[in-house]
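**Q** got a predicted structure plus its sequence, pasted below:
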Amino acid sequence: MVGERFTIREIAAALGAPAEGALDLAVSGAAEPAEAGPGQLAVAMQPVWGAALERGRARAALLWEGADWRALGLEAAIFVRRPRLALAALTTHLAAGAPAGGEWGGGIHPTALIDPGAEIGPDAAIGPFAVIGPGVSIGARARIGAHVSIAGGARLGDDCRLQDGTRIGPRVAIGARFHALPGVVIGADGFSWVTEERSAVEAVRESLGAETGAADADQRWLKIHSLGGVEIGDDVEVGANACIDAGTIRPTRVGAGTRIDNLVHLGHNVVVGRNCLICGLVGVAGSAVLGNGVVLGGQAGVADNVTVGDGVIAGGATKIMSNVPAGRAMLGYPAVRMETHIESYKALRRLPRILRALAAQKKAVSKGGGRD
């Protein structure tokens, strides 16, 4: 809750980390070293941040192992081995009891429209102007934000959190502890179209560009509707304004423990494995399959009907256009092994210098040849 204070002893216990100094010193939150006030815990978990402590006014800090906290002018310190892991534990502890924002925690608001055929689990909270359709099932302790809509027949497990403006379509089944940030859309129709006769797209795809189909430009596009819905496992988080399209016949699927960032788009029939990390602005085209533990950096893209193996890591802006075996690290457009891309990039940067040297040699040879 706002204004809640934690002692250094309490925070250290939550982190499972050793602490020294005035352990009963209380802080109300965390801050970067140069901006931390006397009532805040400075986060300086690497030596490079040590100097910044002098510009702040913190009395206690989260420090790297072996740091001389007294020399840094502190009254207390907590020591961590893995900074980002410690940051996860710290933010979890400080956020406990504080509203995350964008969700409703005060029972069922009188403006919410709930169909009589919907099943609402015990202790669920539904916010202003939410719309819950017929046959919807919402688990215990769910938190449904303002202006959320859940279409008929959708199912949500226990402890789900849907922040403001989330849209859940029909034929969607979601596991426990699901978290949707504002503006998420799950279960919209996929982008799937066909023409009555063979289209230019089909011609180009089959011939790899040798054949075009400009002459059929007047053909109209007929919609292929998405009847398969979406299935999402337990402990999945989906970032703001991300979209997961419904499958055509079978569901689009997202495995348990997967984390999806803002503005991600998963097309119809996509299958995402367990514990994947999909960063912002990633696009995964229809019927692509991602294995377990796949990581896609920001703006990465996966072509349709491509399979990406378990544990693949693709760097930012990588474009995967063919199958990738398990365990590979990929980079570039088109995607190649990361070390190959880096070597190619180095060679590309050297290319102007090499061409200048080649031109100079060519000029010298030309001049030499005219001396006879």
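**A** Arrived safely, thanks for sending. Numbers count the residues shown, from 1 in each chain.

**Q** going forward, measure contacts and count neighbours with C-alpha atoms only.
**A** Noted.

**Q** geometric centre of this structure: which residue is closest?
**A** Geometric centre of the chain, nearest residue: residue 261, 2.2 Å, by Cα atoms, centre = their mean.

**Q** I'd say it and residue 238 touch.
**A** Yes - counting by Cα atoms under 8 Å, residue 238 is a contact partner of residue 261 at 6.1 Å.

**Q** how distant is stretch 334-342 from the center of its chain?
**A** Here stretch 334-342 shows a centroid-to-chain-centroid distance of 23 Å under the convention Cα atoms, centre = their mean, to the nearest Å.

**Q** by mean pLDDT, point me to the weakest helix or strand of this structure.
**A** Ranked by mean pLDDT, DSSP states H and E, the weakest helix or strand in the chain is helix 200-207, scoring a mean of 86.

**Q** buried residues, it. List them.
**A** Going by neighbour count (16 or more other Cα atoms under 10 Å), the buried part of helix 200-207 is 200, 202, 203.

**Q** follow-up on the earlier one: can you pull the contacts of the residue nearest to the centre of the chain?
**A** By Cα atoms under 8 Å, 6 or more residues apart in numbering, the contact list for residue 261 reads 238, 239, 240, 242, 278, 279, 280, 281.

**Q** pLDDT below threshold where in the stretch 151-300 of the chain?
**A** The stretch 151-300 of the chain contains residues with pLDDT under 70 at 213-216.

**Q** go with 80
**A** Counting by pLDDT under 80, the stretch 151-300 of the chain shows low-confidence ranges at 212-217.

**Q** A strand includes residue 230, no?
**A** Yes - counting by DSSP: H, G, I helix; E, B strand; the rest coil, residue 230 is found in a strand.

**Q** quick one, helices of the stretch 251-372 of the chain?
**A** For the stretch 251-372 of the chain, applying DSSP state H, counting those that start in this stretch gives helices covering 338-368.

**Q** right, and the helix or strand after the least confident helix or strand of the chain?
**A** Downstream of helix 200-207, the first helix or strand assigned by DSSP states H and E is strand 222-223.

**Q** neighbouring strands of that next one in the sheet, and parallel or not?
**A** Here strand 222-223 is paired, per DSSP bridges, with strand 193-194 (antiparallel).

**Q** closest to residue 149 among the buried residues of helix 200-207?
**A** Taking Cα to Cα as the measure, residue 202 is the one of the buried residues of helix 200-207 closest to residue 149, at 37.1 Å.

**Q** separation between that closest one and residue 224?
**A** Residue 202 is 16 Å from residue 224, where distance means Cα to Cα, to the nearest Å.

**Q** ditto for residue 321
**A** 24 Å.

**Q** those two: which is more packed in?
**A** Shown here are residue 321 and residue 224; by other Cα atoms under 10 Å, residue 321 has more neighbours (17 against 13).

**Q** who's the closest spatial neighbour of that one, skipping the chain neighbours?
**A** Closest residue to residue 321 apart from its sequence neighbours, by Cα to Cα, 6 or more residues apart in numbering: residue 303 at 5.1 Å.

**Q** buried residues, the helix or strand hosting residue 84. List them.
**A** According to DSSP H and E, residue 84 maps onto helix 83-95. The neighbour-count check on helix 83-95 (16+ other Cα under 10 Å) flags 83, 86, 87, 89, 90, 93, 94 as buried.

**Q** residue 16 is in contact with the fourth one, correct?
**A** Same thing as residue 89. No - between residue 89 and residue 16 there is no contact under Cα under 8 Å: 9.0 Å.

**Q** residue 19: what's it in contact with?
**A** 8, 9, 12, 76, 77, 78, 79.

**Q** pLDDT score for it?
**A** Predicted confidence (pLDDT) for residue 19: 98.

**Q** run through the bridge partners of it.
**A** Bridge pairing for residue 19 (DSSP bridges) gives the partners residue 78.

**Q** tell me the spacing between it and residue 25.
**A** The value you get for residue 19 to residue 25, if Cα to Cα is used, is 12 Å.

**Q** same check on residue 335?
**A** Distance, residue 335 to residue 25, by Cα to Cα: 52 Å.

**Q** run a quick neighbour tally on the closest residue to residue 25 other than its chain neighbours.
**A** For residue 25, ignoring the flanking residues on the chain, the nearest one in space by Cα to Cα, 6+ apart is residue 7 at 5.4 Å. By the measure other Cα under 10 Å, the count of residues near residue 7 is 16.
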